[in-house]
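[1] give me a 3D structure for the following:
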Amino acid sequence: MADRPTALFAMDPRHLPGLFPPHVLSRLRAVVEVDPALVVQDLGDPALAAVLTDTEVLVTGWGCPPLDSAVLAAAPRLRAVIHAAGSVRGLVTDECWQRGLLVSSAAEANAVPVAEYTLAAILLAGKDAFGWRERYRADHRHPAPADVAGIGNLGRRVGIIGASRVGRRVLELLRPLDLSPVLFDPWADEESAARLGAEPLPLDDLLSGCGIVSLHAPDLPTTRHMLDRRRLALIPDGGVLINTSRGGLIDQEALTDELVSGRISAILDVTEPEPLPPSSPLYRLPNVFLTPHIAGSLGNEMERLGRTAVEELERLCGGLPLAHQVIRADLTRVA
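    All right, here's what the predicted structure looks like:
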């Protein structure tokens, strides 16, 4: 690959300023030839034929279309895809692997704000902050000691489902706190769980033994509706379910029934579908804290994704291994 390979931005143009503010863009342009005024979403546009012919690196982000055989045929010199976002599952096709493209993702960087959101949710859930917000609005009084028996974060068991990038980061953030995390992950044995600072448990045991459960599994055919009606019923009365992963991991109808009953509470940044229809009761239930998929990188956090992409390009152009390379086998068990 040339010292300064020719690159092309392939993403929704709205995201470029957040990912690559001037100081980050300047650093990027020091290692690749790229036109920041040319940000494309339709890689099949015939007007791009000459540009694609010369492109050696695609710098991709949210809004980039799949890199199918037609795109790859139009880009004979393409050697690398540097994704300034999380999952590449909807972007990278079989043809990319057959071509032998190098693929990198900023998923590790995107895990940081998701884990931070999750940590805040866990700590607030342990104090029943959202429940007390509702009660305080209604009766305008401070709780009596008997009212708060059992709440608090000292020694509380917190169930983490999935030792994903986010799950591992959450466990790292929990480590200095007086909580007792437990972990379910089919790939994590007792030794690896111990390294993460958690006790490994089967999924059913985790659900029945934790008052706070946080979901961090990848969205795969094998994990779809992994929290079905039977498993949701295992969560103890008064428990809190946190989901910052993907809505499809939970049977939405079964979850709605549990929440409407008031038996458990939920902190949901993702749902199925997304957004929920206006008629959904989850918008109005006092035991549901619902946010519109904001846990991941947004606002000033997007710069972290752009910096990660630039660092990967610096490694690539310096002849060094990528730090965040995605290989085909990874996609069988990661997001």
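[2] could you point out the helix or strand that follows the lengthiest helix in the chain?
    The longest helix of the chain (DSSP state H) is helix 107-126. Downstream of helix 107-126, the next assigned helix or strand under DSSP states H and E is helix 129-139.
[3] what does stretch 257-269 rub up against?
    Here stretch 257-269 makes contact (CB atoms under 8 Å, 6 or more residues apart in numbering) with 117, 121, 124-125, 130-131, 229, 232-233, 235, 237-244, 247, 255, 281-282, 285, 287-295. Bear in mind the C-beta positions are built from the backbone N, C-alpha and C, glycine included.
[4] got the end-to-end distance for it?
    Across its full length, stretch 257-269 reaches 18 Å between end residues, using CA to CA, to the nearest Å.
[5] pLDDT on it, on average?
    In this model, stretch 257-269 carries a mean pLDDT of 98.
[6] the contacts of stretch 257-269 in helices, which ones?
    Tyr117, Ala121, Leu124, Ala125, Phe130, Gly131, Arg229, Leu232, Leu255.
[7] show me the strands in the stretch 51-200 of the chain, by range?
    57-60, 80-83, 102-105, 156-161, 179-184, 199-200 (DSSP state E, counting those that start in this stretch).
[8] flag the shaky bits of the chain, pLDDT-wise.
    Along the chain, segments meeting pLDDT under 70 span 1-2, 335.
[9] doesn't Glu312 make contact with His83?
    No - using CB atoms under 8 Å, His83 is not in contact with Glu312, being 9.1 Å away.
[10] the two: who's more crowded?
    Legend: neighbour count by other CB atoms under 10 Å for His83 and Glu312, higher for His83 (28 against 25).
[11] gap between that one and His140?
    50 Å (CB to CB, to the nearest Å).
[12] just Ala217 next, same as before
    Ala217 is 41 Å from His140, by CB to CB.
[13] quick one: which of the two has more around it?
    More crowded of Ala217 and His140, by other CB under 10 Å: Ala217, with 26 against 7.
[14] list the contacts of the residue nearest to that one when sequence neighbours are not counted.
    By the measure of CB to CB, 6 or more residues apart in numbering, the closest residue to Ala217 outside its immediate chain neighbours is Gly162, 3.7 Å from it. With contact set as CB under 8 Å, 6+ apart, Gly162 has these partners: Phe184, Asp185, Leu215, His216, Ala217, Pro218, Ser245.
[15] contacting residues around the fourth one?
    Taking CB under 8 Å, 6+ apart as the definition of contact, the neighbours of His216 are Thr118, Ile160, Ile161, Gly162, Ala163, Ser164, Val166, Gly167, Val170, Thr244, Ser245.
[16] now Leu313. Nearest residue, chain neighbours left out?
    Val31 is the one closest to Leu313 (CB to CB, 6+ apart), at 5.1 Å.
[17] wait, the one you found touches Leu25, no?
    No - using CB under 8 Å, Val31 is not in contact with Leu25; the gap is 11.5 Å.
[18] which of those two has more residues huddled nearby?
    Neighbour comparison, Val31 and Leu25: the larger count goes to Val31, with 20 against 17 (by other CB under 10 Å).
[19] OK, contacts around the more buried one?
    Taking CB under 8 Å, 6+ apart as the test, what Val31 contacts is Arg4, Val310, Leu313, Glu314, Cys317.
[20] what helix or strand is Arg315 located in?
    Judged by DSSP H and E, Arg315 forms part of helix 302-317.
[21] gap between Ala115 and Trp132?
    25 Å.
[22] could you check which of these two has the larger neighbour count?
    Neighbours per residue (other CB under 10 Å) separate Ala115 from Trp132, with Ala115 holding more: 24 against 16.
[23] tell me the contacts of that one?
    Val166, Arg169, Val170, Glu172, Leu173.
[24] same question, Leu232
    Contacts of Leu232 by CB under 8 Å, 6+ apart are Leu207, Leu241, Ile250, Asp251, Ala254, Leu255, Glu258, Ile264.
[25] one more: Leu215?
    By CB under 8 Å, 6+ apart, the residues touching Leu215 are Ile161, Gly162, Leu227, Leu241, Ile242, Asn243, Thr244, Ser245, Leu249, Ile250.
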